[in-house]
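Q: Task: produce atomic coordinates for the following.
(chains A, B and C)
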Amino acid sequence: MAEFWVNMGPQHPMTHGLWNMRVKISGETITDAEPEIGYLHRGYEKIMEVREFQKNVVLTDRLCYVSSVTWSHAYALACEKMMGLEVPPRGQWIRVISLEIQRLASHLMWLAAYGPDLGLLTALLWALRERELFLDLLQLLTGARMNQNFPRVGGVRNDLPPDFDKYCAKIIKHFRGKLDEYKRLMHDSKIFRMRTQGVGRISAADAIDWGVTGPNLRACGVDVDLRRLEPYETYDEVDFEPQVWKGGDGGDSYARFICRFNEMRESCDIIEQAVKKIPAGPYRAKAPRRAEGEGFARTEDSRGEALFYVIGDGDDRPYRVKIRSPVYCTMAATPLMLRGNKMADVVSILGSVDVCVGEMDK
Amino acid sequence: MGAEEDLAKAVRERFPSAFKELGVVRPRVVKGVIDRKDLVEICFYLKEELGFAHLSCISAVDWKDHFESVYHLYNYKTGMTLQLNAWIPTDDPKIASVVSLWNAANYHEREAWDLMGVVYEGHPKLERILLPKDFRYHPLRKDFPQETERQYITRRKLKTGGR
Amino acid sequence: MSGALVSPDLFTLCKVLVGGILRILSDGVLAATPVGSPVEGLRGLGYFLVEDWLVTLLAWVVAITIMVTWAAAIQLLTIMWMERKFYARLQDRYGIMVSIWSLPFWPFSWWAKRRNKPTHRGLGYLQNVADGVKLIQKENITPASADRAMFHTAPVMIASSTILIFAALPFSEGFVIANVPLSLLFILATFSIAPLGILIAGWASNNKYSLIGGMRAAAQLMAYEIPLLLAIVAVLIYSGTLNVIDIVQRQEVPLAASGPLSYIPSWNIFSIPQFIGFAVFFVAIMAEMERIPFDIPEAEAELVEGWTTEYTGMRFGLVFGFKWLRALAGSALVVILYFGGWSGPVFTTLTPYVGGTAIPIPIIPHEVWFLLKVYFVFLIFVWISWSVPRVRIDQILNIGWKKLIPLSLLAIIVAAVFAAFGPYLGGIR
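A: Have a look, this model is predicted:
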């Protein structure tokens, strides 16, 4: 049977974002794959050199537009490391709360996109309905639903609104019940397991070698969560459990799905603890206008390890900003995941990897 | 601070003359500055014997008198980060590729070539990844005009490569 | 048991109706042209209008029109509306809400006093009509490198073969166009012409994705024809006839002559081998109707729209809308074969006297029972469709060849054993 290259994308209803996946198929089986990215390249690293440190938060929000607080927070953390700035404790706790709410919103968006990939269109509407609740929480906290411009170098933009813990408690209580519903809809379904188990397998050694991080790596059985391994902010004072796939046959789409799904439960726990433990005090420290030095910060983004490397040379704007995006590195590993599977599995595998093209193409 | 000091000492003892500077900059971060010729040897030592299995990031920085290729390596077992700055002269922007050690370097080096113009010798497929395949410049270099300067360039000049 | 509204036969009813109208017309013409008037030549028209062959021809035309309108227009709109509302409620939203109150012209906008009320908050029945009108006014694009003749033939083939099913599919024992002795065979044969049309559409589009979709459709539909037919063979062992109306009539007999079981009709689903056959038939007909979980041929996640990618305008409307007509036919088959067709209890019968004869009108006639059961089965299909993910093509073929065929063969064997030795084993069925 002849082999030929098929383009899945860049215009495709179900590859979320603008990128092209070229797969070489022979019959129905994939023999090779090659992603073509760069359709959404906006030249971030260059334009961040022209703006002051604080103004760059507006830009970093839009790197991954689905999970904006986590990216701006990584940038702010890198600048603070460079300047040697210490964020007050209340600011750190507020950051933790906003990060976890944003992580929930991002994972729900992933769930809403993954269901229709497999044919389960009901999951789209249910997950987006729950995501609305968390976007409401974010709007209450920051004033905007997406691209909130919330973290600042030195803290956060504003304090928690009054009664925020009551709203959080109510929404999280409602959401935990819904998580059980999703479980019944998705991974209790035999057809779902048939579609995702054993599909898109990558071994742990390959994953570490190719730079895969985040839930994709934990699904292979490697116990790495940057919130535990290198705690930033106040993650060492909250009690949660990194979701690692236990059992031998990890690394497939089902394991990635389960790890990312269960992270949502852990995020609920973190938010509940954080709104109780938060101390009073200032929430923002004054950042110096000019800074010299270099610093980097790695954080556990919704999709993996996000690293910002900021160099300042005494001017009021960065000399060089380097953005390391987790999806960029996972994209390099997708040919390994795709080889040997059927063409109908492409969407299942790529959906479970959770691609966000904004951060991949910078 | 003990583990970082031990790491720095172990590396300095193994390569006494290769490092221009080597020291602990922050808790759990060791930074080393090297010249480009020792790169593969040091990386091999770090990966095989010290267990730095995760290559986070390769950045290319354009200081106007030299380039730098910055490697961020991470050890999952001890939680140490080693930042390796390799100096590259501007007129000969070549450096050895570490793809044979960490496959994660594949896409990072392609991006550094694409945006900065640093050639990584030994890379299996050094082509443009983010920019269009027929783009002629390396935009992240400091002599490529910033957006604040680009407003004064006519489209014809930009197409023909003028300032 | 209830009775049919349309009795004894759709054709007879139409003939009576048409004959009556033509006789009135003829009498009128004859009365308007008395002998000896200047328009006497028109008397021939009066005699012509009551010719038997004309009445029969017009009766057939009217009967076919009634059946096609009933099935392909009214029932199609109704089940599309039901599906869209039902799965919308599954997804926690209102669903389609365009109704006659959304029409922007008088009297719906002014007289109905809905000036300050939102217009798109109605029942939603007219949404599908609106979608049809939208598709009609779009451009029918033919790809430049497509095989024009086949490209244009394929939707016509699919649509016409689907409507052909309703030539023999009855909605009650009288509401049928053609009551042929082998009607079940005819229905299944016309049901299976559409896969050929799908394959032709996939090929003629000259598009890699459509071709893949068309071939997947051909593989899937061919694989599931066999368990479908084998399950029907099990039913045939019990009914002994391929005539659909007789199959239903045999299910109207009560289970036992007396006792509590005499209130339960002997529907085929209440017998053990037929239950196995029902399970097989249910899965196979879902695959034939290309519903999720078996809708890989037009899986939008992978292949844009699959084999219908290149179709636009009303051509797309035809193939897309007739998927629901096939769903109606499939549900009707399930009901006829396993759920006793149109039989159901009658609660009262009105007997008005018309012209000296008593005409019994059952309160819930056979047509209504049939429609209720068909809608119920259809809603089960919809419920399953919108709650489960899609099955991959090789897993679909796996299920079809390796799991359904042995089950259906088992059903046949058990049915044969029970049919032969049932009376000796205590009337087990």
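
Q: any idea which element the residue most central in space within chain B lies in?
A: Residue closest to the average C-alpha location in chain B (CA atoms, centre = their mean): residue B:69, at 2.2 Å. Element membership for residue B:69 (DSSP states H and E) is strand B:66-74.

Q: tell me the mean pLDDT over the helix or strand harbouring residue C:61?
A: Per DSSP H and E: residue C:61 is located in helix C:52-68. The average pLDDT for helix C:52-68 rounds to 91.

Q: I'd like the next helix or strand past that helix.
A: Downstream of helix C:52-68, the first helix or strand assigned by DSSP H and E is helix C:76-90.

Q: and residue 56, how many neighbours?
A: Unless you meant another one, I'm taking chain A. Using other CB atoms under 10 Å in any protein chain shown, residue A:56 has 24 neighbouring residues. The C-beta positions use only the backbone N, C-alpha and C, and glycine is treated the same way.

Q: The intended chain is chain C.
A: 15.

Q: what's the answer for the one 5 residues further on, then?
A: The burial count assigned to residue C:61 is 12, neighbours taken as other CB under 10 Å.

Q: and the gap between it and chain B?
A: As judged by CB to the nearest CB, to the nearest Å, residue C:61 and chain B stand 64 Å apart.

Q: what's the nearest residue to residue C:378 if we skip its chain neighbours?
A: Of all residues not flanking residue C:378 in the chain, residue C:331 sits nearest, at 4.4 Å (CB to CB, 6 or more residues apart in numbering or on different chains).

Q: Up against chain C, what does chain A have?
A: Within chain A, the residues that sit near chain C (CB under 8 Å from any CB of the partner chain) are A:6, A:8, A:12-14, A:28, A:115-122, A:124-126, A:129, A:185, A:189, A:191-192, A:194-195, A:342-347.

Q: Show me which positions of stretch A:144-153 end up buried.
A: Using 16 or more other CB atoms under 10 Å in any protein chain shown as the test for burial, stretch A:144-153 gives A:145, A:146, A:148, A:149, A:150, A:151, A:152, A:153.

Q: So what touches that stretch?
A: A:53-54, A:57-58, A:61-62, A:65-66, A:68-69, A:72-73, A:75-76, A:79-80, A:83, A:85, A:95, A:98, A:135-136, A:138-139, A:141-142, A:156-157, A:284, A:287 (CB atoms under 8 Å, 6 or more residues apart in numbering or on different chains).

Q: Helices along chain B, start to end?
A: B:2-14, B:39-48, B:105-116, B:147-150, B:155-160 (DSSP state H).

Q: Next up, the contacts around the residue nearest to the centre of chain B.
A: By CB under 8 Å, 6+ apart, residue B:69 lies in contact with B:36, B:39, B:58, B:59, B:60, B:61, B:85, B:86, B:88, B:95, B:112, B:118.

Q: Nearest to chain C: which residue in the stretch 101-250 of chain A?
A: Residue nearest to chain C within the stretch 101-250 of chain A: residue A:119 (2.8 Å; CB to the nearest CB).

Q: What is the burial count for that residue?
A: Neighbour tally, residue A:119, other CB under 10 Å: 28.

Q: Spatially, which residue comes closest to it, not counting chain neighbours?
A: Per CB to CB, 6+ apart, closest to residue A:119 is residue C:390, 2.8 Å.

Q: Tally up the residues packed near residue 67, please.
A: Just going to use chain A. Residue A:67 has 27 nearby residues by other CB under 10 Å.

Q: that's the other chain; I wanted chain B
A: 24.

Q: go on, residue A:23?
A: Counted with other CB under 10 Å, residues neighbouring residue A:23 total 23.

Q: Would you agree it is in contact with residue A:35?
A: No - using CB atoms under 8 Å, residue A:23 is not in contact with residue A:35, being 9.6 Å away.

Q: Let me have the buried residues of stretch A:144-153 in JSON lines, extended by pLDDT and distance to residue C:270.
A: Output for these, formatted as JSON lines (pLDDT from 0 to 100; distance: CB to CB, whole Å):
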{"residue": "A:145", "pLDDT": "91", "distance to residue C:270": "56"}
{"residue": "A:146", "pLDDT": "89", "distance to residue C:270": "57"}
{"residue": "A:148", "pLDDT": "90", "distance to residue C:270": "62"}
{"residue": "A:149", "pLDDT": "91", "distance to residue C:270": "67"}
{"residue": "A:150", "pLDDT": "93", "distance to residue C:270": "64"}
{"residue": "A:151", "pLDDT": "93", "distance to residue C:270": "67"}
{"residue": "A:152", "pLDDT": "92", "distance to residue C:270": "72"}
{"residue": "A:153", "pLDDT": "92", "distance to residue C:270": "74"}
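
Q: Could you list which of the residues of chain A next to chain C belong to helices?
A: Taking DSSP H, the ones among the residues of chain A next to chain C that sit in helices are A:115-118, A:121-122, A:124-126, A:129, A:185, A:191-192, A:194-195, A:346-347.

Q: Drop anything exposed from these.
A: Neighbour counting with 16+ other CB under 10 Å marks A:115-118, A:121-122, A:124-126, A:185, A:191-192, A:194-195, A:346-347 as buried within these.

Q: Now stretch C:416-429 - C-alpha only, CSV.
A: Once non-C-alpha atoms are left out, stretch C:416-429 reads as follows in CSV (Å, rounded to 0.1, in the frame of the first residue of the first chain):
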residue,chain,number,x,y,z
ALA,C,416,-35.2,-22.8,15.5
VAL,C,417,-34.9,-25.0,18.6
PHE,C,418,-37.8,-23.2,20.4
ALA,C,419,-39.9,-23.1,17.3
ALA,C,420,-39.5,-26.8,16.7
PHE,C,421,-39.6,-28.2,20.2
GLY,C,422,-41.4,-25.3,22.0
PRO,C,423,-44.8,-26.9,22.4
TYR,C,424,-43.1,-30.0,23.9
LEU,C,425,-41.1,-28.0,26.4
GLY,C,426,-44.1,-26.3,28.0
GLY,C,427,-44.8,-23.6,25.5
ILE,C,428,-41.5,-21.8,25.9
ARG,C,429,-41.0,-19.2,23.3
